[in-house]
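S.K.: 3D model of this:
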Amino acid sequence: MFEAFDATILARLQFAFTVSFHIIFPAFSIGLASYLAVLEALWLWKKDQVYLELFNFWKTIFAVTFGMGVVSGIVMSYQFGTNWSVFSDKAGPIIGPLMGYEVLTAFFLEAGFLGIMLFGMNRVGPGLHFLATVMVALGTLISATWILAANSWMQTPAGFTMSEAGQFVPADWWAIIFNPSFPYRLVHMVLAAYLTTAFVVGACGAWHLLRRTAPRRASTMFSMAMWMAALVAPIQIFAGDQHGLNTLEHQPAKVMAMEGHYRSHPEGAPLILFGMPNAAEKRIDYAVEIPKLSSLILKHSLDAPLAGLDTIPEELHPPVAVVFWSFRVMVAMGFAMLGIGLWSLWCRYRGTLATNASLHRTAVVMGPAGFVAVLAGWITTEVGRQPYTIYGHLLTAQSISPIEAPAVGASLVAFIIVYFLVFGAGTFYIFRLMARLPRDTMPELGEGPLRSAGVTPGPAAARPHGGEHGL
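M.R.: Got it, this is the predicted structure:
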């Protein structure tokens, strides 16, 4: 069945499929952990029960998301041994320790405090519980730091020497970790995670505002999400621009594919908005472009020359069509999120943030926008690195295990079936949790730790299910 396919292509498809499933869960949990920390901090500061109720509402969703992220990540590590053993052997002295540091720092930190955060609210003092929440949020950020350090090193390798056996051997760990693209990629990814979470939270709040259920809780989460969108989206666009300039310096072929520049432009390159990449003729068909704008963006000069793919051997070209379109999807999502943020500021100024149904419907539609942008950005980054696994040093075709295509294809089919069943059910359950009325989840206050925080049950605590309409 799979004899007609190349083992390398099937192995790449398998890794792409599994990592696409995996990346959406950390992207959500990184932002959601920080959101939980902010909610608990506001509850302790303002003594407003709404923040505690929202904390408990999103805490359950975080637990499910975190669990699916861990499970989906474990599967990926096995592929390094089964499908990419040559890569693991050659890059293991560098990639292995970085992954080990992620487990020893981030995962142990998260695992140590996760139980307290999830189940310790009425068992430990508010201060200790808040510390646990902060530690879980910090753990997710540390995890992202190590993972991005490893992946960034594959994009812009530095601080290594080659052994006689052909292995990448560390020579300077500082240069390995803080490689040229790492700071840009870390900032870009963390901001993407925060925006992803903001639009999920905003969509959930907007959904409940449209249904007129729990208006105060829904308006609170919607307002917080829109603040994040309005403030972070422009920062993310600027960070993405800086990341693009760094990519131009260290991975010019990737930028050429992103821009659709098959040929060089010695007197200013146009910005191609849309078009159809034609790999056979090495051109963009039906191009809609703005003259010289690409040179202005990338070189800050209208007449600055830009090299094209015609300066690189054809066998080293990345797949232009995939990179070209994934980049445009990512950029489109970014500007759409900026638009929602600016719209929310206008509604906030007019005093209609909680009543503008058009904004709420748009926010619901935009709920998956962060995930789409993260996946499109990942595709741009990883496909744009081709044909290398370690850019400029190790080709993808040289990294594959000595394995037959039918074996890779069979496991790919198995992954597809299992992933859609398991993670499809998990995602459906998360949607069910989000759709539930965020009713009062505050426990009875006796003489325990919650009482010591100065919180007392207000009218909302005694209100029966569905009574939020009276707020």
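
S.K.: where does the residue lying closest to M258 once chain neighbours are set aside fall, secondary structure wise?
M.R.: Spatial nearest neighbour of M258, excluding adjacent residues (C-beta to C-beta, 6 or more residues apart in numbering): F327 at 4.3 Å. Quick note: C-beta positions are derived from backbone N, CA and C, even for glycine. Per DSSP states H and E: F327 is located in helix 320-350.

S.K.: ok, then the element right after that helix?
M.R.: helix 357-365.

S.K.: what residues sit buried inside that following helix?
M.R.: L359, H360, T362, A363, V364 (16 or more other C-beta atoms under 10 Å).

S.K.: what's the spacing between the last one and A192?
M.R.: Spelled out, that is V364. 20 Å (C-beta to C-beta, to the nearest Å).

S.K.: about what we covered before: residue contacts, the residue nearest to M258?
M.R.: Neighbouring residues of F327 by C-beta atoms under 8 Å, 6 or more residues apart in numbering: M258, A376, T380.

S.K.: inside helices: which ones of those?
M.R.: Applying DSSP state H to those, the entries found in helices are M258, A376, T380.

S.K.: tally up the residues packed near the last one, please.
M.R.: In this case it means T380. Applying other C-beta atoms under 10 Å, we find 25 residues neighbouring T380.

S.K.: circling back: most widely separated two among the buried residues of helix 357-365?
M.R.: Spanning the widest gap among the buried residues of helix 357-365 are L359 and V364, at 9.9 Å by C-beta to C-beta.

S.K.: surely L271 meets V288?
M.R.: No - the criterion here is C-beta atoms under 8 Å, and L271 misses it with V288 at 9.7 Å.

S.K.: now G159: phi and psi?
M.R.: phi 70, psi 30 (degrees, to the nearest 10).

S.K.: next: the one 10 residues further on.
M.R.: Here the main-chain torsion angles of V169 (degrees, to the nearest 10) amount to phi -110, psi 130.

S.K.: what does R283 give?
M.R.: Torsion angles, degrees, to the nearest 10, at R283: phi -160, psi 170.

S.K.: can you pull up the bridge partners for it?
M.R.: N278 (DSSP bridges).

S.K.: pretty sure it is touching M276, no?
M.R.: No - using C-beta under 8 Å, R283 is not in contact with M276; the gap is 9.5 Å.

S.K.: which helix of the protein spans the most residues?
M.R.: The chain, longest helix under DSSP H: helix 7-46.

S.K.: following it, which helix or strand shows up next?
M.R.: Following helix 7-46 in sequence, per DSSP H and E, is helix 49-82.

S.K.: just how off-centre is the helix or strand following that next one within its chain?
M.R.: Downstream of helix 49-82, the first helix or strand assigned by DSSP H and E is helix 85-102. Computed by C-alpha atoms, centre = their mean, to the nearest Å, the chain-centroid distance of helix 85-102 equals 23 Å.

S.K.: can you check stretch 123-142 too?
M.R.: 22 Å.

S.K.: got the contact list for stretch 227-234?
M.R.: 191, 194-195, 197-199, 202, 334, 337-338, 340-342, 344-345.

S.K.: of these, grab the buried ones for ChimeraX.
M.R.: Buried members of the contacts of stretch 227-234, defined by 16+ other C-beta under 10 Å, are picked up in ChimeraX with:
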select :191,194,195,197,198,199,202,334,337,338,340,341,344,345
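
S.K.: looking at the contacts of stretch 227-234, which is nearest G112?
M.R.: Using C-beta to C-beta, those come closest to G112 at T197, 22.9 Å.

S.K.: next one: that closest one from E382, what distance?
M.R.: 23 Å.

S.K.: ditto for S181
M.R.: Computed as C-beta to C-beta, the S181 to E382 distance reads 13 Å.

S.K.: try S301
M.R.: On the measure of C-beta to C-beta, S301 and E382 end up 31 Å apart.

S.K.: between those two, which one's more packed in?
M.R.: Neighbour tally, S301 and E382, criterion other C-beta under 10 Å: the higher count belongs to E382, 21 against 11.

S.K.: number of nearby residues for the closest residue to the more buried one other than its chain neighbours?
M.R.: Counting by C-beta to C-beta, 6+ apart, E382 lies nearest to A16, which is 7.5 Å off, once chain neighbours are set aside. Using other C-beta under 10 Å, A16 has 14 other residues around it.

S.K.: where in this structure is pLDDT low?
M.R.: Low-confidence segments of the chain (pLDDT under 70): 1-5, 437-471.

S.K.: swap the cut-off to 50 and go again
M.R.: The model of the chain has pLDDT under 50 over residues 1, 440-471.

S.K.: residues near P126, how many?
M.R.: By other C-beta under 10 Å, 19 other residues sit near P126.

S.K.: that one and A41, how far apart?
M.R.: Distance, P126 to A41, by C-beta to C-beta: 11 Å.

S.K.: in what helix or strand does R432 lie?
M.R.: helix 405-435.

S.K.: now do that helix against helix 7-46, angle only.
M.R.: 20 degrees (axes from the mean of the first three to the mean of the last three C-alpha atoms, to 10 degrees).

S.K.: report the buried residues of helix 405-435.
M.R.: 405, 407-409, 411-412, 415, 419, 423, 426-427, 430, 433-434.

S.K.: which residue packs closest to G268, ignoring adjacent ones?
M.R.: K292 (3.7 Å).

S.K.: count the neighbours of the one you found for me.
M.R.: Counted with other C-beta under 10 Å, the neighbours of K292 add up to 19.
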